[in-house]
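J.: How does the following fold in three dimensions:
(one chain, ligands or ions: 1)
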Amino acid sequence: MKTTPVDVGALRSSVLSVPPLARQANGEPSTTENRRQVDWLLSGGVTTYLYGGNANLYNFGVTGFGSLLDMLEDIAPPDGWMIPSIGADFGKAMDQATILRGRNFPTAMVLPLTFPTTSAGLVSGFAKLADAAGRPLIAYVKNDGFLNAGDVARLFRDGAIAALKYAVVRPEPKNDAYLSAILDAVGSGERIVSGIGERPAIDHVEMGLTAFTSGSVCIAPHLSTAILKACQSGEFAAARTLRESFLPLEDLRDAHSPIRVLHEAVRLAGICDTGPIGEFLSNLDGAERLDAIAAAARALKAKSEAAARGARPLSASA
Ligand SMILES: N[C@@H](CC=O)C(=O)O
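T.: Numbers count the residues shown, from 1 in each chain. Next up is the predicted model:
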């Protein structure tokens, strides 16, 4: 497992996959099934694994956190970068940060608590969490104005954060005054990753963000990696062509819940048995809906497998 500090090279080196957490029938994480997911991602060149919202860690307790970290260490490829998440509330995040202090994970992401927070309160809280964890963290901005642009820059300057996951949904991702203000205040997007999957990622990289997170990469790692590589070599038209393959599944995720659809899509595509989704959520049901998810997930996976076999079309340089 990667244990070295977060740097720009690491952020750029892979799509940051955001997998579901496979659980056994009793709700405990399954080492075997989560390893199958990671192995599939690795086969498509994905070496960063961010366990956060898609893993339903918002509802994961402190008591099981040490065992979760053990499992992530266990399933990590030799140089794989495992990123657990903490929070969303400050109290739980602090208890988890204290557990992290004794471990070798380079960082953790702080899940976004949108109420009750203020930007100044988050700055103070992040400093305490980074201090308790003994390392800089990743901030996750999911809502407009969650952190003031100047406060984001300050968190970077103070060493409380090593990266930012930017995930505010816009009809036109390039028309985003908040993101522009953050980029201006920070002075660079090299430590900012687009955080909403393939759909806005290409626009965000064109704006200067360094890479992107994705849930659907768990179905099609070879294709998502090809999008990242195409973006990084300036082949944005090729990246957009590749992205087309993701849209049927992304449309279903947007229609029925990105987290819940991904959890079933991974299972229905035969990647691993994801099992129960975890408390305060419920697994999707309904034959018609599941059939549509299965069809979209299997078609996307088949395209990734074709790309793995070297079939065209991929981007010119992928
Ligand atoms: N929410 C996005 C990216 C991950 O955070 C997704 O699931 O695709």
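
J.: And the helices in the chain?
T.: For the chain, the helices defined by DSSP state H occupy 8-12, 31-43, 65-75, 90-101, 119-133, 149-157, 177-186, 198-206, 221-232, 236-243, 247-256, 258-268, 287-308.

J.: average model confidence for the fourth one?
T.: What that stands for is helix 90-101. The pLDDT scores in helix 90-101 average 98.

J.: Show me what that helix is packed against.
T.: For helix 90-101, the packing partners by 3 or more CB pairs under 8 Å, 6 or more residues apart in numbering; DSSP states H and E come out as helix 65-75, strand 85-86, helix 119-133. Using the backbone N, CA and C atoms, a C-beta is placed for each residue, glycine as well.

J.: Columns mean neighbour count, distance to residue 4 and mean pLDDT on top of those, output as CSV?
T.: Shown next, in CSV, are these (neighbours: other CB atoms under 10 Å; distance: least, CB to CB, whole Å; pLDDT from 0 to 100):
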stretch, mean neighbour count, distance to residue 4, mean pLDDT
helix 65-75, 17, 15, 98
strand 85-86, 26, 20, 98
helix 119-133, 18, 16, 98
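
J.: can you tell which of those is closest to the ligand?
T.: Among these, the nearest to the ligand by CB to the nearest ligand atom is strand 85-86 (10.1 Å).

J.: Distance-wise, check the closest residue in space to residue 95 that isn't next to it in sequence relative to residue 92.
T.: Distance criterion CB to CB, 6 or more residues apart in numbering; nearest residue to residue 95, sequence neighbours excluded, is residue 62 at 4.5 Å. Distance of residue 62 to residue 92, given as CB to CB, to the nearest Å: 6 Å.

J.: the more surrounded of these two?
T.: When neighbours are counted by other CB atoms under 10 Å, residue 62 and residue 92 differ, and residue 92 comes out ahead with 18 against 15.

J.: Any idea which residue of the stretch 1-150 of the chain lies closest to the ligand?
T.: For the stretch 1-150 of the chain, CB to the nearest ligand atom, closest residue to the ligand: residue 18, 3.5 Å.

J.: and that residue, how many neighbours?
T.: Residue 18, neighbours per other CB under 10 Å, totals 28.

J.: Enumerate every residue touching it.
T.: Residue 18 makes contact with 50, 51, 52, 53, 54, 55, 213, 214, 215, 217, 218, according to CB atoms under 8 Å, 6 or more residues apart in numbering.

J.: who wins for neighbours among the residues you listed?
T.: residue 214 (32 neighbours).

J.: Quick check: beta-bridge partners of that residue?
T.: Note on residue 214: beta-bridge partners by DSSP bridges are residue 17.
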